[in-house]
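J.: curious how this folds, go ahead:
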Amino acid sequence: MKYICLAYMEAGKFEAMSERERDSFVDTCLVYDDVLRKGGHFAGGEALQPASNAATLRQQHGKVTVTDGPYAETKEQIGGILILEADDLNHAIQLMSKHPGVRGGPFEIRPAADLGEMIRASERRRAGQ
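T.: Numbers count the residues shown, from 1 in each chain. Model (predicted):
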């Protein structure tokens, strides 16, 4: 089963690290990502640019509005995502609890929804139109 792991970090924390600290943090995270790959657990992932580069879309009164920045003003912001293959939530927790990225901030782990049947049902409805 796929799990989406959202890595949070306090805004500015990464930038406040010395170059040596950043390099060490990144290197240890990527080494563990390689461990996950070799075990068949790493299904993808991306680091995110700062929330200051984000845009949030909302529909209000039938129109889409765009706001600069993240959806919510919080101390910690999503810094990256990792897509994990694990047997169950406990297995995902076990794997991610060893990830060095947890030193930077919390990880939120959520099961990915299986949209297969919903997609097939939509395809059937749209084919009938």
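
J.: chain center to stretch 6-19: distance?
T.: On the basis of C-alpha atoms, centre = their mean, to the nearest Å, stretch 6-19 sits 15 Å off its chain's mean C-alpha point.

J.: need the CA coordinates for it. CSV is fine.
T.: Extracted C-alpha coordinates of stretch 6-19, given in CSV (Å, rounded to 0.1, in the frame of the first residue of the first chain):
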residue,chain,number,x,y,z
LEU,A,6,4.6,14.9,4.4
ALA,A,7,7.8,16.4,5.8
TYR,A,8,7.4,19.6,7.8
MET,A,9,10.0,22.0,8.9
GLU,A,10,9.9,25.3,10.7
ALA,A,11,10.2,28.1,8.1
GLY,A,12,13.7,29.4,7.8
LYS,A,13,15.2,26.5,9.8
PHE,A,14,17.0,24.9,6.8
GLU,A,15,18.3,28.2,5.6
ALA,A,16,19.6,29.0,9.1
MET,A,17,21.8,25.9,9.1
SER,A,18,25.4,26.3,8.3
GLU,A,19,26.5,24.9,4.9
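
J.: who touches it?
T.: With contacts defined as C-beta atoms under 8 Å, 6 or more residues apart in numbering, stretch 6-19 is touched by 22, 25, 50-51, 75-82, 101, 104-110. All C-beta spots, glycine's among them, are computed from the backbone N, C-alpha and C.

J.: repeat the analysis, applying 7 Å as the threshold.
T.: By C-beta atoms under 7 Å, 6 or more residues apart in numbering, the residues outside stretch 6-19 that reach it are 22, 25, 51, 75-82, 101, 104-108.

J.: what does stretch 80-98 give?
T.: Contact with stretch 80-98 is made by 1-7, 32, 36, 40-48, 107, 109, 111, as judged by C-beta under 7 Å, 6+ apart.

J.: who does the spatially most central residue of the chain form a beta bridge with?
T.: The residue lying closest to the centre of the chain (C-alpha atoms, centre = their mean) is residue 81, at 2.1 Å. Partner residues in beta bridges with residue 81, using DSSP bridges, are residue 6, residue 46.
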